[in-house]
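Trainee: 3D model of this:
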Amino acid sequence: MQQFDNASSGDIVFSLADRIIENRAYLSEIDGKIGDGDHGVNMAKGFGMAAERIKGADMSLAEALDTLGTVLMTEIGGSMGPLYGVMFIQFAETIEKATQIDAGMFSAMLHNGLEGIQAIGSAKVGDKTLLDTLVPAIEAFDLANSDGKSFAESLNILVAAAEAGRDSTRDLVARIGRASRLGERSLGVLDAGATSCALILQSLALGVEARLRSSA
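Mentor: Numbering: from 1, shown residues only. This next block holds a predicted model:
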């Protein structure tokens, strides 16, 4: 069974923060087409603040996720801070007592994060939001896992589904948030939240895969 240590895996979150910071301009550019244009700026601010607290610290994955979630919940503005904040806090709470993280634990973490988002928001798949990335990615991971794929293989399938979900938002009309006021004019543009969610899942998967290889 493929699994990795929770302890000393906080650098997965540090790398994830770096990926968001690198894409700050891209995310704001996407958001500017149908939203406020500040998604990348707000995300980079929050992830950057968390990265400063994680850097050089020997944190578990759970501790680093909790650090990131708390910063996003309490210290950045915009609609995405609370949504991603609760997601990462739920991730952390799911795995905080785990010594090893396998595919089943990773799935439970993803599901609890999704439930946290759904508890504070009203969006559903098809509304042109981050859920159009997150939900199909989780479903694809679970299906791959139940079909007997390895943890690493299931992560690759999760990333492919996340990217497909992100791309699907180009053909959706926004039904939630500022972009919903544009109606049909929101067609033809990626959703910024779905795009940042794909980046998050890609980076998380890469970090976990690296840990699985080093644990083999």
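Trainee: Which elements pack onto the helix or strand of the chain with the lowest mean pLDDT?
Mentor: For the chain, the helix or strand with the lowest mean confidence is helix 24-34, at a mean of 89 (criterion: mean pLDDT, DSSP states H and E). Contact here means 3 or more CB pairs under 8 Å, 6 or more residues apart in numbering; DSSP states H and E; on that basis helix 24-34 packs against helix 39-54, helix 192-215. The C-beta positions use only the backbone N, C-alpha and C, and glycine is treated the same way.
Trainee: Does I101 belong to a helix, a strand or coil?
Mentor: Secondary structure state of I101, per DSSP: H, G, I helix; E, B strand; the rest coil, is strand.
Trainee: what bridges to it?
Mentor: Beta bridges link I101 to F4 when assigned by DSSP bridges.
Trainee: could you measure it against G188, distance?
Mentor: For I101, the distance to G188 equals 39 Å [CB to CB, to the nearest Å].
Trainee: picking that back up, could you list the buried residues of the least confident helix or strand of the chain?
Mentor: 24, 27-28, 30-31, 34 (16 or more other CB atoms under 10 Å).
Trainee: Mean neighbour count, distance to M109 and mean pLDDT added to the helices and strands packed on helix 24-34, as CSV?
Mentor: Putting the helices and strands packed on helix 24-34 into CSV (neighbours: other CB atoms under 10 Å; distance: least, CB to CB, whole Å; pLDDT from 0 to 100) gives the following:
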stretch, mean neighbour count, distance to M109, mean pLDDT
helix 39-54, 22, 18, 95
helix 192-215, 21, 10, 96
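Trainee: how about the ones you listed, which one is nearest A64?
Mentor: When these are ranked by proximity to A64, the top entry is helix 39-54, at 5.1 Å, counting by CB to CB.
Trainee: From the contact counts, what lies against the closest one?
Mentor: Where contact means 3+ CB pairs under 8 Å, 6+ apart, helix 39-54 is packed against helix 11-22, helix 24-34, helix 61-75, helix 80-95, helix 192-215.
Trainee: Now render these as CSV, adding distance to D5.
Mentor: Listed next are the helices and strands packed on helix 39-54 as CSV, based on distance: least, CB to CB, whole Å:
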stretch, distance to D5
helix 11-22, 11
helix 24-34, 31
helix 61-75, 9
helix 80-95, 11
helix 192-215, 7
